[in-house]
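Visitor: what would the 3D arrangement of this be:
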Amino acid sequence: MQPHSISFDRAASFYDDTRGLPADVARRVGDCAADLLGAGARVLEIGVGTGRIAKPLLASGLRVTGIDLSLGMMRRLIETLPAGAPEPMLMQADATRIPLQDGVFDALVAVHVFHLIPAWQSALDEARRVLTSHGVILIGNNDSGEDTPYRRVRKQWEAFVAARGYAMDHPAANKVDFVKAAIIASGMHRDEREAVAAEWPTRHTVRRVIDDIENRIWSQTWQVPDELIPATVAEVSAWAEAEYGSLDHEFEVVNTFTWERYRS
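Guide: All right, here's what the predicted structure looks like:
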C-alpha cells in the first residue's frame, strides 16, 4: 500500500507564527514570481496551506487555485486574508489525484511540498497534465543556511534520537534532487540561474530551537515516537549548554528565498 502524503492539520494553529514571511519579504516573493510567470498567469499551488505563498502571488496579480490535504490549513488562509484581498479558489485534494481538467494552468507552484509526497512521481505526472503545453513549474525554496546553531542543534538532537534506536527518515534530502531531475527528464528545461526573490536576517536563541523540537513544531519531529522526546530533549539541552555556554545564546540566520523555473 502506498504511504499517504503528510497532512498539516496539526500545524494549522501555529504554522504562520513559525514559517510566516515578513510582509516586505512576502511582497518580493510574489513580485518575483509574477515577473517569472507573466501578469495574470493562471497558477495552481499544491500544498497551498495557510497561504504563505498564495497570498503574495494573489497580491502580485496572479490568479491562484490552491489544493491541500488539510482543511484546517486552508481555513486559516481564508481567516487571515486581508480585507478586500482577492481570494484563491481552494479545494481539498491530494497532489497525486488533482480533480481538475487537463491543460488549464499556465504554472504549477510548489514550495517545500514534493518531499512530503511519497508518490511524488504521480504528483509530477499530474502537474504536467494540468499545465498548458507551454506551462511552467516554479519550485520555491526558503533556505536558512547549513552551518548555523539552528541546524547544528537539530542535527545533534537527531543523533540522540538515532542513538536510542530510531532512524529518522529525511524525505527532503532523499527526494528533492530526484524530483528536479525527473522534471528535466520529462522534457522541461531549467533556467540556468535561480531567481533570488529575497534575503533577510532573523534572530534566534538556542533555547527557541530546542523548544520547537519539544513542541513538535517541525514536521520532521512528528515521526519520532512520543516516548523519545523528553529524554532526547534533555540530552540536546545539556549538549547545547556545553557547546554555547547558555541556552539563551543568540545568533543570526540569513534567510534566502529563491525560485527555480522549469519551462517546456
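
Visitor: quick one: buried residues of the host helix or strand of F160?
Guide: When elements are assigned from DSSP states H and E, F160 belongs to helix 149-163. Neighbour-count burial for helix 149-163, counted by 16 or more other Cβ atoms under 10 Å, picks out 149-150, 152-154, 156-158, 160-161. Where C-beta positions appear, they are placed from N, C-alpha and C, glycine not excepted.

Visitor: OK, contacts around the residue nearest the centre of the chain?
Guide: Nearest residue to the geometric centre of the chain (Cα atoms, centre = their mean): H112, 2.9 Å. Residues in contact with H112 (Cβ atoms under 8 Å, 6 or more residues apart in numbering) are 47, 140-142, 172.

Visitor: one more: E45?
Guide: 53-54, 57, 64-67, 88, 108-111.

Visitor: what's opposite it in the beta bridge?
Guide: E45 forms beta bridges with G66, V109, as assigned by DSSP bridges.

Visitor: between the buried residues of helix 149-163, which is nearest V196?
Guide: Y150 (20.3 Å; Cβ to Cβ).

Visitor: so what's that closest one up against?
Guide: Each residue near Y150 by Cβ under 8 Å, 6+ apart is listed here: 144, 204, 209, 251, 253.

Visitor: can you pick the most crowded of the residues you listed?
Guide: V209 (24 neighbours; other Cβ atoms under 10 Å).

Visitor: out of everything not next to it in sequence, what's closest to that residue?
Guide: Excluding its sequence neighbours, the residue lying closest to V209 (Cβ to Cβ, 6 or more residues apart in numbering) is V153, at 4.6 Å.

Visitor: perfect, that will be all.
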